[in-house]
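# I would like to see how this sequence folds:
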Amino acid sequence: MYFYELHEGDDDLYSDVILAREDEVSPEDFFDLVQSIRRRIQDDFAEDTLIEAIAVELEREHDFIFVSDERIVAAVNVSTEEDDNFLIATEDEFEAMGGLAGADYRGVFVDIPAGTNGDDSTRLN
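The predicted model follows:
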């Protein structure tokens, strides 16, 4: 099994997806394949991000496996602190609890240094 990764974004905010394939594709051929798909779909795709759209096309047309969130069987939070180690709920478990699964928005965590407004407070508008 061979693994490939697509990145999208800049230094501050980015996304990535993992793909797998039984047969190896050289890095140069993978790049060329991704670019040809990108050029074809970049102006019209249904997925949330361009890399997800490319991954869907790679799976559909080129025998890649897009390791999407829907395929994750288990996720574990790991820490040196005992209380911070736990099994992360799956999307189905969130739905069963009436959680946030299927929400039509995405959250972003931002680390804003104190004093952004010239004092010790941070103001977000």
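
# so Ser68 makes contact with Ala55?
Yes. When contacts are counted by C-beta atoms under 8 Å, Ser68 is listed as touching Ala55 (7.4 Å). (Glycine included, C-beta is placed from N, CA and C.)

# Look at these two and report which has more neighbours.
Comparing Ser68 with Ala55 by other C-beta atoms under 10 Å, the one with more neighbours is Ala55, at 24 against 15.

# between Ser68 and Ala55, what contacts are shared?
Residues touching both Ser68 and Ala55 (C-beta atoms under 8 Å, 6 or more residues apart in numbering) are Val17.

# average pLDDT across stretch 28-48?
Averaging pLDDT along stretch 28-48 yields 95.

# can you pull the buried residues of that stretch?
Using 16 or more other C-beta atoms under 10 Å as the test for burial, stretch 28-48 gives 30, 33-34, 37-38, 41, 45.

# Return the set of residues that bridge with Phe86.
Beta-bridge partners of Phe86, counted by DSSP bridges, are Asn77.

# Now do the spatially closest residue to Phe64 that is not a sequence neighbour against Ile37, distance only.
The shortest distance from Phe64 to any non-neighbouring residue, by C-beta to C-beta, 6 or more residues apart in numbering, is to Leu58 (4.0 Å). Remark: distance between Leu58 and Ile37 (C-beta to C-beta, to the nearest Å) = 7 Å.

# go on, Asp23?
In terms of C-beta to C-beta, Asp23 sits 18 Å off from Ile37.

# now swap in Val25 and tell me
For Val25, the distance to Ile37 - C-beta to C-beta - is 13 Å.

# same deal with Ile18?
Per C-beta to C-beta, Ile18 is found 17 Å from Ile37.

# Please apply the same query to Asp12.
Taken as C-beta to C-beta, the span from Asp12 to Ile37 is 26 Å.

# Thanks a lot, see you next time.
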